[in-house]
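K.L.:
The following block contains a protein sequence and its predicted model.
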Amino acid sequence: MTEQLVPEHHELKTYYPSSEAVQRARISGMDAYRKLVAEAEGDFEGFWARLAREHLAWNKPFTQTLDASGAPFYKWFADGKLNVSYNCLDRHVEAGKGGKTAIVFEADDGTVTRVSYGELLERTAKFANALKSLGVKKGDRVVIYMPMSVEGVTAMQACARIGATHSVVFGGFSAQSLRDRIQDAGAVLVITADEQRRGGKALPLKAIVDEALGLGGCDTVRNVVVYRRTGGDVAFHAPRDLWLHELVAGQSATCAPEWVEAEHPLFLLYTSGSTGKPKGVQHSTAGYLLWAQLTMLWTFDIQPDDLFWCTADIGWVTGHTYIAYGPLACGATEVVFEGVPTFPDAGRFWKMIQDHKVNVFYTAPTAIRSLIKAAETNAAVHPRNYKLDSLRILGTVGEPINPAAWEWYYEHIGGGRCPIVDTWWQTETGGHMLTPLPGATPMVPGSCTLPLPGIFAEVVDEAGHDLPWGTGGILVIKKPWPAMIRTIYGDPGRFKKSYYPEELHGYYLAGDGAIRDPHTGYFTITGRIDDVLNVSGHRMGTMEIESALVSHPIVAEAAVVGRPDDLTGEAVCAFVVLKRPVPTGEEALQIAQELRNHVGKEIGAIAKPRDIRFGDNLPKTRSGKIMRRLLRTLAKGEAITQDTSTLENPAILEQLARTH
Ligand code: WT7
């Protein structure tokens, strides 16, 4: 799919933001954009210092903007002190906006609750005091394994308030994955819920935490705090386990924020790389928050009366930056949604936009594609049945959006009025990097267009030399930026190797391929250049899935590749060698199902291979290296046209080409 984007690019129409969008935008018109870009080019540090002073509330002002002495371990605003939760809550309450709605929470069953800034501050203070009562201190790590909820956001804000570093684990990850993250972070506390409600069903959370802790290796965990969401039956282990409602009941509603250094780690978030186990991406306090807030103002042009809705989960970086922190930092009102887009039917998103009068809507291409399909098969959930005229700006994130889906989104959701911001960024970048600006940038479907002011993106070759526009290469960021990843928790060597390889002389290596349009210089992302897959906007390492497969006793060897998929972007395709003869028919189906479930148990349902093919061996070179490019061709169901002369066992290709 990503391969198609490039040739399609030139035939595509350009869409211009309406004069209304341009007029009301903070960055109004391309000249305003270019002016900011020029400011950052002219005085890089001055640019960032100005923004950090204008947009953040400091307890102790910083005097030094960028400390590059330990590059690539950059420090930003290092001698300043501040608190994220103060910036997200107290400063709005102090400005008289305590009564303003911060969160409009819609539960899975449609129940709506509103929480004001004043209330959210109180709930955060009580939660923070509760954490303190359990001995949680500045610098401790807290794992959060929570459903989409006000409590989930409050848990994150409470950690920030006392200077504890949180690590949110997506509720779809298995006990094993949760254990690995708890262990790697050395967490002292886990915050969870009894169960989560999604699509009319109750799914376990606390039981998975129990299982994770039961796997061993989590001796650092002293307590488990449990938010009662469904009231479902859960095991309780006294004195380790505590109910959140009992814990906060006696707490004071005020809690002085812990003023932390600008570089203090706000959170860790585990993400997949091409090799080894998931890495704990460490983010800072000031630089991260600055970008979370600024990108809300620039990319989403958020205005005081806007209702913003990002459909991500707090378990991913999008839910951190554009649910837990960015919208609150700028004092906006946002929707937090517990459920899924297809329950009670696939019109749920459109109904919610209509009911709440959402102005800015941010979702993933996968969701759009599946809702297009639903609308095409069931006229009742077609967006034309809903009043969507409150919408002003649309956004997408997580994977390339194919032009057909872009155009549908533009016409049917945006009514041909709303600019679409196709935001390219990563867990590591903290916030948007390449994106159109809604009141400035002419849009080309499938292109994330241009870098934000202050971001120096380029397409280079493997030696780090700029490539001419029109030539595909690797995407790099040439200068540091405040919200960048600081390190991989516990593994600074891996941080350096993964993101600042020597041959790129100081450029940040994003891990994506890109090409710039020969005329406009617009960027189009062509997909990962490493062994990382993107399935429905979720990032997965092929090696992780391979390790999960070979941990099953009947598997001798496995190789995992992605194949293009119309709905999910990519689909996981596994080639497996068993410790027994190649199965056929019913037996093959059964073993494949067993292996899928095994991967689900090891990693989580999102990593389950779509296709599993069995063979006596894998295609290897004489030196024993698996030839993945051949597997990728086979996975697509295409004939091998590549050179196979270096292949040790060419006969294997024929066997693997068969689906079963
Ligand atoms: C990878 C990062 C960004 C938050 C959610 C995913 C891909 C992301 C786009 C986009 C094309 C995109 C890249 C990137 N990606 N946004 N607009 N167009 N590709 O964060 O899990 O860290 O994944 O997602 O391949 O490297 P993540």
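P.N.:
That came in fine, so what should we check first?

K.L.:
so what's whatever residue of the stretch 551-660 of the chain ends up closest to the ligand closest to, chain neighbours aside?
P.N.:
Across the stretch 551-660 of the chain, no residue is closer to the ligand than residue 569, which sits at 8.8 Å (Cβ to the nearest ligand atom). Bear in mind the C-beta positions are built from the backbone N, C-alpha and C, glycine included. Counting by Cβ to Cβ, 6 or more residues apart in numbering, the nearest residue to residue 569 once its immediate chain neighbours are dropped is residue 399, at 4.6 Å.

K.L.:
that older thread, what's near enough to touch the residue of the stretch 551-660 of the chain closest to the ligand?
P.N.:
Residue 569 sits next to 1-2, 365-366, 399-400, 534-537 when contact means Cβ atoms under 8 Å, 6 or more residues apart in numbering.

K.L.:
Now do the same contact list for the closest residue to residue 657 other than its chain neighbours.
P.N.:
Leaving aside its sequence neighbours, residue 657 sits nearest to residue 634 (Cβ to Cβ, 6+ apart; 5.5 Å). Residue 634 is in contact with 575, 613, 640, 653, 656-657, counting by Cβ under 8 Å, 6+ apart.

K.L.:
Selecting buried members of these in PyMOL, what would you type?
P.N.:
A single PyMOL command selects the buried members of the contacts of residue 634 (16 or more other Cβ atoms under 10 Å):
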select buried, resi 575+613+640+653+656
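
K.L.:
so what's whichever residue of the stretch 151-300 of the chain sits closest to the ligand scoring on pLDDT?
P.N.:
Nearest residue of the stretch 151-300 of the chain to the ligand, counting by Cβ to the nearest ligand atom: residue 271, 5.2 Å away. On the pLDDT scale, residue 271 is placed at 96.

K.L.:
possible to save the contacts of residue 634 as JSON lines with secondary structure and pLDDT?
P.N.:
Shown next, in JSON lines, are those (DSSP: H, G, I helix; E, B strand; the rest coil; pLDDT from 0 to 100):
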{"residue": "575", "secondary structure": "strand", "pLDDT": "97"}
{"residue": "613", "secondary structure": "strand", "pLDDT": "95"}
{"residue": "640", "secondary structure": "coil", "pLDDT": "88"}
{"residue": "653", "secondary structure": "helix", "pLDDT": "91"}
{"residue": "656", "secondary structure": "helix", "pLDDT": "91"}
{"residue": "657", "secondary structure": "helix", "pLDDT": "88"}
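
K.L.:
which of the contacts of residue 634 are close to the ligand?
P.N.:
Checking the contacts of residue 634 against the ligand by Cβ under 6 Å from any ligand atom, not one of them is in range.

K.L.:
wait, does stretch 273-281 contact the ligand?
P.N.:
No - contact of stretch 273-281 with the ligand (Cβ under 6 Å from any ligand atom) is absent, the minimum separation being 8.1 Å.

K.L.:
With only the CA atoms kept, save that stretch in CSV.
P.N.:
Only the C-alpha atoms of stretch 273-281 are listed here, as CSV (Å, rounded to 0.1, in the frame of the first residue of the first chain):
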residue,chain,number,x,y,z
GLY,A,273,12.1,-1.7,17.6
SER,A,274,13.6,-3.9,14.9
THR,A,275,15.6,-6.0,17.3
GLY,A,276,15.2,-7.3,20.8
LYS,A,277,12.6,-6.5,23.4
PRO,A,278,10.4,-3.4,23.4
LYS,A,279,12.3,-0.3,24.4
GLY,A,280,11.2,2.1,27.1
VAL,A,281,11.2,5.5,25.4
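
K.L.:
Can you point out the buried residues in that stretch?
P.N.:
Here stretch 273-281 shows 273, 275, 277-281 as buried, counting by 16+ other Cβ under 10 Å.

K.L.:
need the contact list for the residue of the stretch 201-350 of the chain found nearest the ligand.
P.N.:
Going by Cβ to the nearest ligand atom, the ligand is nearest to residue 318 of the stretch 201-350 of the chain, at 4.7 Å. Residues near residue 318 by Cβ under 8 Å, 6+ apart: 310, 312, 362, 397-398.

K.L.:
did I read that right, it in a helix?
P.N.:
Yes - counting by DSSP: H, G, I helix; E, B strand; the rest coil, residue 318 is part of a helix.

K.L.:
Could you check how far it is from residue 427?
P.N.:
9 Å (Cβ to Cβ, to the nearest Å).

K.L.:
hmm, back to that, what about the residue of the stretch 151-300 of the chain closest to the ligand, how many residues nearby?
P.N.:
20 (other Cβ atoms under 10 Å).
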